[in-house]
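In: What shape does this take:
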Amino acid sequence: MVISDVGLSAELTLGDIMTSSVDVASLDESLGSIAARLAAQQHSCVVIVDGERPAGIITERDVIRLTARRVDRATPAREVMASPLIAGNSEWTFSAAARLMSERGVRHLVVVDDAQRLVGLATESDLRVHLSRAALRSLDDVRSVMDRQVPRIESSAPVSEAIELLARDNATFVIAEEGGRPVGVITERDVVRIAAEIVDDRALHATALRGFVRSPIALVPEHTPLSQVSMLMSSRRVHHVGVVSAAGTLVGVVSQHALVERVQTLLALEHEARVRSEADHKLAVRHKLLFEQASEFIHVLGEDRSLIAANASFAAALGRSRDELAGLSLGDWDHEALPDGALGAWRDGEQRAPETIERRWTRKDGSELEVELVVNATEWDGRPALFCAGRDVTNRKRSERELQLMQAAIEQTAEGIALADTAGLLLFVNRAWAQMHGWEQRELVGQPMSVCHTDEQWRDELAPAIEVL
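Out: Modelled structure (predicted):
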């Protein structure tokens, strides 16, 4: 499933969705004071600042954790705040902010300017509110995100037990029951309110949960689209919605955290897919550039010998334009049959090493070109193909033929001809030279020239000439 940036309001930035009015506290403000403010203002966090710059954060989750650990309420914020902060820039896109929150496992993203001064705050609620209906409709129904293992507690249990349950299981809610029947929900926000009202630890153990249960819990049937659940959360101003079966039994709970987390996961998957796609595109562009810029005559033949692809060098070698290559087959420029070795992989399906063969091609104007061709059996668009890379060896072959003619002439002449290096060692002798001196040709190669001359000839004629060289 793909959620496009358009579906997630691609034009939105972090600056568009953030809350500019942020509840802040000093480094020295007490935990108890901050918890009371969270409860009174129904905020999910307080940003701890040092001057104009954010230094840390205390969330509802932190208050629950610290209350469960019985941390002294007089403890200053600097000692219990979460730090360092996860911060973003107001120019970030919606999807980039959502991905960061998902990757770092946070539900609050502090927004700072270039000078690292606090300018806003984005929460999971902000993300959910700005999800477009189109994006939510593209998601699955409630069953894909609801918590099936619902934390439950009897409404007669002490408040301290609910606090410990939420802290221990890292849950965002607990369902309160009476006789096995759900009667309401206790959320993180409720626990913060309880902790602000009941400041004595003994009272937390003595006070029943019943008086703090938020009742009744909002309910939706199974198969309800997540877009409807999101709208219900907004209209009822709740973060948790119960899911009931056709028989009316509670089968799960959808939390705002789970809903946003689902979107964040899909955004992360889409981002990874987009990064891979962009990388693949860049690689394809590089390969195409190499293909086009290569001096070798690169071309691909289909199983029927038709020309599938070719680079500019191949077209130039045949004296044709790129348009004139369309519809050509191997026989249009190469009139000889390819050797079996080059085609073997097509017949038996085996992976074989590339074959190097020599071919004679015919250009558009009828002239011929001698080519050394490397042929490799491969696949092109999922079908068997031959990948061929050639180079012009016309001049080399001409030189080889001329050399062969020259060698034949030297061998056939009646004059004795020898070639030696500057040290006087024989490198080559023709048949006449060898016969003249009573040797076999192969016996003389590597011998000093002196073996073919008298001492006087060597001393008076040859040695001085070698010295000059």
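
In: ok, I186 - contacts?
Out: Going by C-beta atoms under 8 Å, 6 or more residues apart in numbering, I186 touches I153, A162, L166, F173, V174, I175, A176, L209, F212, V213, R214. The C-beta positions use only the backbone N, C-alpha and C, and glycine is treated the same way.

In: Closest one of the residues you listed to Q228?
Out: Among the contacts of I186, F173 lies closest to Q228 (C-beta to C-beta), at 19.7 Å.

In: quick one, what contacts that closest one?
Out: Taking C-beta under 8 Å, 6+ apart as the criterion, F173 is in contact with P151, L166, V185, I186, T187, E188, H239, H240, V253, S255.

In: Distance of the residue nearest to M81 when sequence neighbours are not counted relative to L85?
Out: Counting by C-beta to C-beta, 6 or more residues apart in numbering, G56 is the residue found nearest to M81 once chain neighbours are left out, at 3.1 Å. As for G56, its distance to L85 is 6 Å (criterion: C-beta to C-beta, to the nearest Å).

In: Could you report the neighbour count for A279?
Out: 10 (other C-beta atoms under 10 Å).

In: what about it, helix or strand, and which?
Out: Element membership for A279 (DSSP states H and E) is helix 256-293.

In: Show the pLDDT at S367.
Out: Note for S367: predicted pLDDT of 93.

In: what about it, distance to N395?
Out: With distances taken as C-beta to C-beta, S367 is found 14 Å from N395.

In: likewise R104?
Out: As judged by C-beta to C-beta, R104 and N395 stand 65 Å apart.

In: Next: M231.
Out: 78 Å.

In: So which of the two has more stuff around it?
Out: Under the neighbour definition other C-beta under 10 Å, M231 and N395 were set side by side, and M231 has more, 13 against 9.

In: helix, strand or coil for that one?
Out: With DSSP: H, G, I helix; E, B strand; the rest coil as the basis, M231 sits in helix.

In: ok so, going back, out of the contacts of I186, which comes closest to L31?
Out: Nearest to L31 among the contacts of I186 is L166, at 17.2 Å by C-beta to C-beta.

In: Pull out the CA atoms of the strand or helix carrying the closest one and give them to me as PDB.
Out: Mapping L166 onto the secondary structure by DSSP H and E places it in helix 159-169. Taking C-alpha atoms only, helix 159-169 is exported to PDB below (Å, rounded to 0.1, in the frame of the first residue of the first chain):
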ATOM      1  CA  VAL A 159      -5.300   4.200  41.800                       C
ATOM      2  CA  SER A 160      -1.700   3.200  42.400                       C
ATOM      3  CA  GLU A 161      -2.400  -0.100  40.600                       C
ATOM      4  CA  ALA A 162      -3.500   1.600  37.400                       C
ATOM      5  CA  ILE A 163      -0.400   3.900  37.500                       C
ATOM      6  CA  GLU A 164       1.900   0.900  37.900                       C
ATOM      7  CA  LEU A 165       0.100  -1.000  35.100                       C
ATOM      8  CA  LEU A 166       0.500   1.900  32.600                       C
ATOM      9  CA  ALA A 167       4.100   2.400  33.600                       C
ATOM     10  CA  ARG A 168       5.100  -1.300  33.500                       C
ATOM     11  CA  ASP A 169       3.400  -2.100  30.200                       C
END
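
In: After it, which helix or strand is next?
Out: Using DSSP H and E, the helix or strand that directly follows helix 159-169 along the chain is strand 173-178.

In: relative to helix 256-293, how tilted is that next one?
Out: 150 degrees (axes from the mean of the first three to the mean of the last three C-alpha atoms, to 10 degrees).

In: Kindly format the C-alpha coordinates of strand 173-178 as PDB.
Out: Written as PDB, here are the backbone C-alpha positions of strand 173-178 (Å, rounded to 0.1, in the frame of the first residue of the first chain):
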ATOM      1  CA  PHE A 173      -4.700   3.400  28.400                       C
ATOM      2  CA  VAL A 174      -6.300   0.800  30.600                       C
ATOM      3  CA  ILE A 175      -9.900  -0.400  30.400                       C
ATOM      4  CA  ALA A 176     -11.800  -0.200  33.700                       C
ATOM      5  CA  GLU A 177     -14.200  -3.100  34.300                       C
ATOM      6  CA  GLU A 178     -16.900  -4.100  36.700                       C
END
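
In: just how off-centre is that strand within its chain?
Out: 43 Å (C-alpha atoms, centre = their mean, to the nearest Å).

In: With stretch 273-293 instead?
Out: Using C-alpha atoms, centre = their mean, we find the averaged C-alpha position of stretch 273-293 to lie 13 Å away from the chain's own average C-alpha position.

In: And it, what's buried?
Out: Neighbour-count burial for stretch 273-293, counted by 16 or more other C-beta atoms under 10 Å, picks out F291.

In: Please shift the residue numbers so they start at 883 in all later answers.
Out: New numbering, starting at 883: the last item is stretch 1155-1175.

In: could you give the mean pLDDT of it?
Out: Within the predicted structure, the mean pLDDT of stretch 1155-1175 is 78.

In: what do you get for stretch 1194-1205?
Out: 92.

In: Name the residues that touch that stretch?
Out: Outside of stretch 1194-1205, the residues within contact range by C-beta under 8 Å, 6+ apart are 1174, 1176-1181, 1192, 1206-1207, 1215, 1243, 1245-1247, 1249, 1251, 1253, 1272, 1274.

In: Same check on stretch 1292-1304?
Out: Stretch 1292-1304 is contacted by residues 1308-1315, 1318-1319, 1326, 1331, 1334, 1348, 1351 when judged by C-beta under 8 Å, 6+ apart.

In: F1173 touches A1192, doesn't it?
Out: No - F1173 lies out of contact with A1192 (C-beta atoms under 8 Å); the separation is 9.2 Å.

In: Sweet, I'm off.
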